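K.L.:
the following block contains a protein sequence and its predicted model.
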Amino acid sequence: MTTFAEQPADILARLEQLRQADAPTHGGHVLSYVYDSGLAELDELAAAAIRMVQPVNGLDPTTFTSVAVMEREIVGFARDMLHGDGDVVGSVTTGGTESCLLAVKTARDNWLAAGGVGQPRLLAPVTVHAAFQKAAHYFGLVLDLVPVPPAGVVVAADLVARFGDDVALVVVSAPSYPFASLDPIEKVAAACLERGIACHVDACIGGWVLPWFTDVPPWDFRVQGVTSLSADLHKFGYAPKGASVLLQRGRDRQRTQYFATTRWPGYPVVNPTMLGSKSAGALAAGWAIVHALGTDGLAALAASCEVSTQTLIALVDEIEGLRVVGTPVGPLLAVATDEAIAIDRRVDPHHWADQVREHGFLLQLQPGLTQADGTHLAHTTHLTVTPVTEHVLPELSRALRAAADEVRGVPPVTSEQVLGSLPTEIVADLSSPDAGPLDSATAYGLLEQIGLVTPGSVGAPLPDRMAPFLALIEALPASLTERLLVELLARLVEPA
């Protein structure tokens with residue numbers, strides 16, 4: 001008889017205790033990261049599907065044939081939803097990042113096979129998801145990010161002007177995450193088609209909801225120059241994380257996505273995705289949910305998202321001191337300060353988000369960005385809208401209005417203020433052009449001095465007020481803030 005080191009009931013009780021410290025994943029009080037359908041039945045269905053495939057290894061669909069059937073049916077549903085023909089094929093991946101990585105890897109390999117010489121280039125607007133920065137870093141592409149106007153929509157001619165023989169892939173978004181901007185996909189894809197350049201549409205956040213939004217220009221496989229498209233099941237497909245779909249136009253093109261080798265004494269390795277052995281849980285859950293909802297169910301949930309989004313856009317427009325950035329497309333929006341009114345009536349979006357948290361809702365703070373051409377994109381607060389938002393709209397509306405009233409006229413945290421709050425020697429060290437790479441101890445010491453961690457603490461939470469932290473991100477060189485954030489996240493999971 002097996003003797004357990006800890007009793008299962010005690011282990012689960014501790015897990016329940018740990019979960020109580022998490023942000024709530026249901027109920028509509030977190031407007032980023034979570035995608036709540038509001039249908040408890042879907043959660044139960046997903047849990048049951050995961051349990052049924054718990055021991056299954058998604059590595060080998062010839063041994064576990066259920067994996068092949070589920071993936072085939074999800075890809076088929078997604079292809080029809082996104083207007084692909086019989087030449088469009090695809091894979092289920094472990095999330096949007098993997099879909100983006102594989103799109104870039106496929107484009108790079110096809111570019112090389114077509115005779116590309118030198119280092120390939122990945123061309124995209126600055127608003128493209130950070131996963132493509134990761135892909136360029138991993139796969140050795142030059143990352144060429146094109147500045148965008150304040151509304152967040154790249155000018156097609158600005159992208160096309162940078163076309164060249166070294167461009168392996170152009171990426172456009174449907175929509176972009178930071179500003180919910182729909183890039184000019186038809187114009188860019190047409191130019192790509194004329195030049196023979198691959199064009200990827202990152203619809204990770206929009207892919208499973210935009211098909212049912214009204215008055216959206218063509219952005220999917222109806223557009224001839226689109227060669228690949230990513231769409232996350234774990235967003236508006238309401239599947240557990242992580243599950244995404246990557247579709248490619250052309251079987252021969254898509255086959256270069258695979259890795260295969262028989263050059264070792266073990267079993268033949270043939271992987272369509274980055275992972276080898278992998279859980280089939282999210283795949284099974286997503287498959288079950290897609291079958292349960294079908295087109296009509298997804299359309300109904302999308303309609304709820306669209307109504308709630310338009311309600312929130314109208315609400316922000318009514319709040320003195322705030323404005324919605326650009327013209328959002330899809331169930332998300334970004335909010336900035338309305339600089340057209342008097343300073344004492346403005347509302348800083350980061351102070352606003354911090355204050356909204358006091359009213360029980362979590363919004364996502366986004367730093368401003370100075371682009372390569374010197375133009376500045378304002379710092380904003382992001383809201384993702386899900387079907388459950390409809391049920392909390394009255395409470396959420398009151399919270400958004402009240403928080404704005406409470407911080408109206410409070411000036412934003414400036415770079416000078418946040419750096420001025422630090423000891424002079426720290427600022428000198430951080431700003432020195434001679435500063436070399438930070439080792440772990442030095443980086444952690446800086447985090448302590450900045451006040452982001454408590455000396456001697458393990459897994460300490462971040463400050464309740466995040467506006468100063470976001471101002472610090474803007475004030476310091478990107479390479480430094482990235483190193484400090486790496487240290488912060490790494491320390492969170494180090495053993496005590």
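P.N.:
The structure has been received and is ready for your questions.

K.L.:
going forward, measure contacts and count neighbours with C-alpha atoms only.
P.N.:
Fine.

K.L.:
how close does the closest residue in space to residue 350 that isn't next to it in sequence sit to residue 379?
P.N.:
Nearest residue to residue 350 in three dimensions, chain neighbours excluded: residue 467, at 5.2 Å (C-alpha to C-alpha, 6 or more residues apart in numbering). Distance of residue 467 to residue 379, computed by C-alpha to C-alpha, to the nearest Å: 10 Å.

K.L.:
need the contact list for residue 128.
P.N.:
171-173, 176-177 (C-alpha atoms under 8 Å, 6 or more residues apart in numbering).

K.L.:
make TSV out of the residues you listed and add pLDDT and neighbour count.
P.N.:
Shown next, in TSV, are these (pLDDT from 0 to 100; neighbours: other C-alpha atoms under 10 Å):
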residue	pLDDT	neighbour count
171	98	27
172	98	30
173	98	29
176	98	27
177	97	24
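
K.L.:
the residues you listed in strands, which ones?
P.N.:
The members of the contacts of residue 128 that map onto strands under DSSP state E are 171-173.

K.L.:
and which of those is nearest residue 134?
P.N.:
Residue 134 lies nearest to residue 171 out of the ones in strands among the contacts of residue 128, by C-alpha to C-alpha, at 13.6 Å.

K.L.:
what ranges does the stretch 1-150 of the chain have for its helices?
P.N.:
With helices called from DSSP state H, counting those that start in this stretch, the stretch 1-150 of the chain shows them at 8-19, 40-52, 65-81, 96-113, 130-139.

K.L.:
mean pLDDT for these: which is lowest?
P.N.:
Here the lowest mean pLDDT among those goes to helix 8-19, at a mean of 93.

K.L.:
alpha carbons of it, as PDB, please.
P.N.:
Output in PDB follows, covering the C-alpha atoms of helix 8-19 (Å, rounded to 0.1, in the frame of the first residue of the first chain):
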ATOM      1  CA  PRO A   8      -4.500  14.300  -0.700                       C
ATOM      2  CA  ALA A   9      -7.200  16.200   1.200                       C
ATOM      3  CA  ASP A  10      -4.600  18.300   2.900                       C
ATOM      4  CA  ILE A  11      -2.800  19.000  -0.400                       C
ATOM      5  CA  LEU A  12      -6.100  20.200  -2.000                       C
ATOM      6  CA  ALA A  13      -6.900  22.300   1.000                       C
ATOM      7  CA  ARG A  14      -3.600  24.100   0.700                       C
ATOM      8  CA  LEU A  15      -4.200  24.600  -3.100                       C
ATOM      9  CA  GLU A  16      -7.600  26.100  -2.300                       C
ATOM     10  CA  GLN A  17      -5.900  28.400   0.100                       C
ATOM     11  CA  LEU A  18      -3.300  29.400  -2.500                       C
ATOM     12  CA  ARG A  19      -6.000  30.100  -5.100                       C
END
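
K.L.:
mind listing what's buried along that helix?
P.N.:
For helix 8-19, burial by neighbour count (16 or more other C-alpha atoms under 10 Å) applies to no residue.

K.L.:
before we move on, what about stretch 137-148?
P.N.:
Buried residues in stretch 137-148 (16+ other C-alpha under 10 Å): 141-148.

K.L.:
reformat those as a markdown table; add pLDDT and distance to residue 440.
P.N.:
Putting these into a markdown table (pLDDT from 0 to 100; distance: C-alpha to C-alpha, whole Å) gives the following:
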| residue | pLDDT | distance to residue 440 |
| --- | --- | --- |
| 141 | 98 | 28 |
| 142 | 98 | 28 |
| 143 | 98 | 28 |
| 144 | 98 | 30 |
| 145 | 98 | 30 |
| 146 | 98 | 34 |
| 147 | 98 | 34 |
| 148 | 98 | 36 |
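
K.L.:
that older thread, list the contacts of the residue nearest to residue 350.
P.N.:
Per C-alpha under 8 Å, 6+ apart, neighbours of residue 467: 350-351, 354, 365, 413.

K.L.:
mind redoing it with 10 Å?
P.N.:
348-354, 365-367, 412-414, 418, 473 (C-alpha atoms under 10 Å, 6 or more residues apart in numbering).

K.L.:
for it, report the pLDDT, please.
P.N.:
At residue 467, pLDDT is 90.

K.L.:
residue 152 contacts residue 125, correct?
P.N.:
Yes. At 9.1 Å, residue 152 and residue 125 qualify as touching, with contact defined as C-alpha atoms under 10 Å.

K.L.:
contacting residues for the spatially closest residue to residue 368 that is not a sequence neighbour?
P.N.:
For residue 368, ignoring the flanking residues on the chain, the nearest one in space by C-alpha to C-alpha, 6+ apart is residue 379 at 3.7 Å. Contact analysis of residue 379 by C-alpha under 10 Å, 6+ apart lists 334-337, 348-350, 365-369, 412, 470-471, 474.

K.L.:
relative to residue 366, how far out is residue 379?
P.N.:
In terms of C-alpha to C-alpha, residue 379 sits 6 Å off from residue 366.

K.L.:
any common contacting residues for these two?
P.N.:
Taking C-alpha under 10 Å, 6+ apart as the contact rule, residue 379 and residue 366 both touch 334-336, 349-350, 470-471.

K.L.:
so which bits of stretch 315-327 are buried?
P.N.:
Neighbour counts over stretch 315-327 (16+ other C-alpha under 10 Å) mark 315-316, 319-327 as buried.

K.L.:
what does stretch 197-214 give?
P.N.:
So for stretch 197-214, counting by 16+ other C-alpha under 10 Å, buried means 197-213.

K.L.:
do me a favour and get the end-to-end distance for it?
P.N.:
Stretch 197-214 end-to-end distance (C-alpha to C-alpha) = 30 Å.

K.L.:
who's in contact with stretch 393-408?
P.N.:
Contacts of stretch 393-408 (C-alpha under 10 Å, 6+ apart): 28-29, 308, 311-312, 315-316, 318-322, 343-361, 389-390.

K.L.:
what subset of these is buried?
P.N.:
Members of these classed as buried by 16+ other C-alpha under 10 Å are 28-29, 308, 312, 315-316, 319-322, 345-357, 359, 361, 389-390.

K.L.:
just the residues you listed: which are in strands?
P.N.:
Those of these lying in strands (DSSP E): residue 322.

K.L.:
what about residue 480, distance to residue 474?
P.N.:
According to C-alpha to C-alpha, residue 480 stands 11 Å off from residue 474.

K.L.:
so, low pLDDT: which residues of the stretch 301-450 of the chain?
P.N.:
421, 423, 426-436 (pLDDT under 70).

K.L.:
burial measure for residue 221, as a count.
P.N.:
When neighbours are defined as other C-alpha atoms under 10 Å, residue 221 has 23 of them.

K.L.:
per-residue pLDDT, it?
P.N.:
Per the predicted model, pLDDT is 98 at residue 221.

K.L.:
what does residue 458 give?
P.N.:
Looking at residue 458, the pLDDT reads 63.

K.L.:
deepest-packed of the helices of the stretch 1-150 of the chain, please.
P.N.:
helix 96-113 (a mean of 23; mean count of other C-alpha atoms under 10 Å).

K.L.:
only C-alpha atoms, please: export that one in CSV.
P.N.:
Extracted in CSV, the C-alpha atoms of helix 96-113 (Å, rounded to 0.1, in the frame of the first residue of the first chain):
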residue,chain,number,x,y,z
GLY,A,96,-0.7,32.3,-29.1
THR,A,97,3.0,32.6,-28.4
GLU,A,98,3.7,29.2,-29.9
SER,A,99,1.5,30.0,-32.9
CYS,A,100,3.4,33.2,-33.5
LEU,A,101,6.7,31.5,-33.1
LEU,A,102,5.8,28.8,-35.6
ALA,A,103,4.5,31.3,-38.1
VAL,A,104,7.8,33.1,-38.0
LYS,A,105,9.8,29.9,-38.1
THR,A,106,7.8,28.7,-41.1
ALA,A,107,8.3,32.0,-42.9
ARG,A,108,12.0,32.0,-42.2
ASP,A,109,12.5,28.5,-43.5
ASN,A,110,10.4,29.1,-46.7
TRP,A,111,12.4,32.3,-47.3
LEU,A,112,15.7,30.4,-47.0
ALA,A,113,14.4,27.6,-49.3
